[in-house]
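Asks: could you look at this predicted model? Sequence included:
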Amino acid sequence: MSYHDNEDAGDLDAMNRADAPVTLRCTECDHTWTSDEGDECPECGSEDARPARDAGVSCSHCEAICHGEACCHRCGNRVHYDYDALSTSPMQPFADAGGNSALRAASARNPRIFPCPSCGEPDRLTPADRALGYQCNACADRAERGY
């Protein structure tokens, strides 16, 4: 992954993780592009854009894009999410829509990174699950069905 050069740094030519291109989505026409292409939409010219939700989060070790996983699928290291930016909305889609689980779907904005409060197993709940006071599926089944 390439990063932008810091033009004001003189001969340092420093690279910074914060300068990495971000995937943007136009609020007018829904077109996606990267921030290194500019701030306005190349499709319609609108300056109204937001970070694309499907962009994922980069692993701090190997740079692989992770979409809500607690550990990187490529290198296995723990993914470090920005906890202040995580969604705790109970309106997240269900992980098992139509099934018997009330847990919310994991995503880059709602990763499965919290332990179950009942059994203590790591990476069982998302921030939305935790905010709703849920436990993992196995513990919920035991409590509701006795197995």
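Replies: It's in.
Asks: every contact and neighbour count from this point should use C-alpha atoms.
Replies: Noted.
Asks: where are the low-confidence patches of this structure?
Replies: Within the chain, the segments meeting pLDDT under 70 span 1-20, 30, 50-56, 67, 82-92, 147.
Asks: next one: the residue nearest the centre of it relative to E47, how far apart?
Replies: Geometric centre of the chain, nearest residue: A108, 1.5 Å, by Cα atoms, centre = their mean. Here A108 is placed at a distance of 25 Å from E47 (Cα to Cα, to the nearest Å).
Asks: got it, and R145?
Replies: According to Cα to Cα, R145 stands 53 Å off from E47.
Asks: out of those two, which sits in the more crowded spot?
Replies: Legend: neighbour count by other Cα atoms under 10 Å for R145 and E47, higher for E47 (14 against 8).
Asks: wouldn't S101 be in contact with C139 here?
Replies: No. Shown here, S101 and C139 do not form a contact pair, counting by Cα atoms under 8 Å, at 11.1 Å.
Asks: neighbours of G68, just the number please.
Replies: When neighbours are counted by other Cα under 10 Å, G68 comes out with 21.
Asks: next, the contact list for it, please.
Replies: Taking Cα atoms under 8 Å, 6 or more residues apart in numbering, we find G68 in contact with G56, V57, A106, S107, A108, R109, N110, P111, R112.
Asks: show me these that map onto helices.
Replies: In helices, defined here by DSSP state H, there are no members of those.
Asks: of the residues you listed, just say which sits nearest to G120.
Replies: R112 (13.7 Å; Cα to Cα).
Asks: where do the strands sit along the chain?
Replies: Using DSSP state E, the strands of the chain run over 23-26, 32-34, 49-51, 57-58, 65-66.
Asks: tell me the most buried of those strands?
Replies: Highest mean neighbour count of these: strand 23-26, a mean of 22 (counted as mean count of other Cα atoms under 10 Å).
Asks: mind checking how far it is from the chain centre?
Replies: Distance of strand 23-26 from its chain centroid, counting by Cα atoms, centre = their mean, to the nearest Å, is 15 Å.
Asks: I'd like to know which elements it is packed against.
Replies: Contacting strand 23-26 under the criterion 3 or more Cα pairs under 8 Å, 6 or more residues apart in numbering; DSSP states H and E are the following elements: strand 32-34, strand 49-51.
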